[in-house]
Structure formats: C-alpha cells, structure tokens
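>>> Structure here, sequence nowhere to be found:
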C-alpha cells in the first residue's frame, strides 16, 4: 500500500506542476530602448527616445509595460512617457533595478504612430536596456475572438468517475485517470473537498 501511495503522490505532483506552468503571453509590439545617455540631459529634462509605426495596432486599446533587462545597470528616477493618438501613459522609475517590470499608469488607445520620451532622473544617466511592450490582446490568435473548442470523447483506456455528491474538479479527474492507467489493476480511493469518496477499480 505504501508503494501505491508513493506512485500516486508522485503522479499528482507532476500533474499539478504541469497544470500551473502556463505559457507566457507574448507582447503584440516590443520597442527596445537601447540609447545610452551619460551627459547633456539634466534632471527633469525630456528627450525623445523612439518613434515607431504601429499601423497594425491602430484602433486597439493596449496595456503598456516596460522591462529593464537583467544586464542593465540601475539608475533611479528615470521615467518613460509612451504617447499615441493624443493620449499618453507613464512608466515610472523604469531603471530602478535590473529586471524591473513597470506597468503603465493607464491603458493607451493606439493610432499609427507611437512615441516614447525619457524624463531624466536625478543622476542624469540613462543606461538603456529597456524594452517597452504593448499588449493589445491580439498576439495569441491575431483577432480578439477565440475559435470554439471541439468536444472530445474519452478513449477506451480512460476511466470515467461516477458522480458522488459534490462535483470534482477537472484537474482531479484527469489526475485520477492517469494514476489508474499508470498503476493498473488497483483500487484507489480519493476524497472530494466535501468528504465524499470516489472509487475506481480496473
């Protein structure tokens, strides 16, 4: 029985780990800011860093964020202004630490041009190594709509759980089926959140 518990426990750990590892969502547009400024711009002064065509995103409302790459040196107090369609959003203190991720102050409605300006901080140095990313909800399929999913039919090797009181979650059902399939010819008793039991025998 101890071997059975070890096998089932290991299988559950693997399944939970896989279910929690969601793929990262790619940005619809990434604008690298690599210009290094070490002199000539005073604290509080504004300078344009990029002007980028965004015609493919025109009419979209986008979340804006900046990512300070790990190889970048920290420079406190440097802000970025991202503007388009007469609107703008602020990214504050974007170089405060290596790897810093900064969300824009507001959503941005995009037209055919995006400009990015730097507001210099008190140490009057900008190290670059910052990516400005726009997420408009378009990168996963190219449209805002999701295609309907096709229903699936369990194969002959899968085992269905009988209904027992409170409904079990989809993850728990999948975990139980995989455990039974891997161990074979055993009876496993699993209790739901409300204490009702489901028994599977192969």
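Looks like it came in fine. Just so it is clear, the structure is predicted and the values come from calculations on it, not from any experiment. Numbers count the residues shown, from 1 in each chain.

>>> How about the contacts made by residue 69?
Taking Cβ atoms under 8 Å, 6 or more residues apart in numbering, we find residue 69 in contact with 98, 99, 129, 130, 131. No exception for glycine: its C-beta is placed from N, CA and C like everyone else's.

>>> go with 10 Å
Contact criterion Cβ atoms under 10 Å, 6 or more residues apart in numbering gives 32, 34, 98, 99, 100, 127, 128, 129, 130, 131 as the residues in contact with residue 69.

>>> Equivalent analysis for residue 58, please.
Taking Cβ under 10 Å, 6+ apart as the definition of contact, the neighbours of residue 58 are 84, 85, 109, 110, 111, 112, 113.

>>> one more time with 7 Å
For residue 58, the contacting residues are 110, 111, 112, by Cβ atoms under 7 Å, 6 or more residues apart in numbering.

>>> Going by distance to residue 136, which of those residues wins?
Minimum distance to residue 136 across these is 7.1 Å, recorded for residue 110 (Cβ to Cβ).

>>> what's the pLDDT at the closest one?
With respect to pLDDT, residue 110 has a value of 96.

>>> what about it, neighbour count?
Residues within reach of residue 110, counting by other Cβ atoms under 10 Å, total 25.

>>> switch to numbering from 478
Let's use 478 as the start, then, which means that last one is residue 587.

>>> Can you give the domain ranges for this structure?
The chain resolves into domains spanning 479-496+634-678, 507-612 when parsed by automatic domain parsing.

>>> Endpoints of the last one, how far apart?
In this case it means domain 507-612. 9 Å (Cα to Cα, to the nearest Å).

>>> Residue 533 looks like it's in a helix, true?
Yes. The assignment for residue 533 by DSSP: H, G, I helix; E, B strand; the rest coil puts it in a helix.

>>> list the contacts for it?
No residues are in contact with residue 533 under the rule Cβ under 7 Å, 6+ apart.

>>> follow-up on the earlier one: give me the subset of the contacts of residue 546 lying in strands.
Residues from the contacts of residue 546 lying in strands, with DSSP state E as the criterion: 509, 607, 608.

>>> ok, the residues you listed vs residue 570, which is closest?
Residue 570 lies nearest to residue 607 out of those, by Cβ to Cβ, at 11.4 Å.

>>> any idea how far the residue lying closest to residue 549 once chain neighbours are set aside is from residue 519?
Computed as Cβ to Cβ, 6 or more residues apart in numbering, the closest residue to residue 549 that is not its neighbour in sequence is residue 606, at 3.2 Å. When distances are taken as Cβ to Cβ, to the nearest Å, residue 606 and residue 519 turn out to be 22 Å apart.
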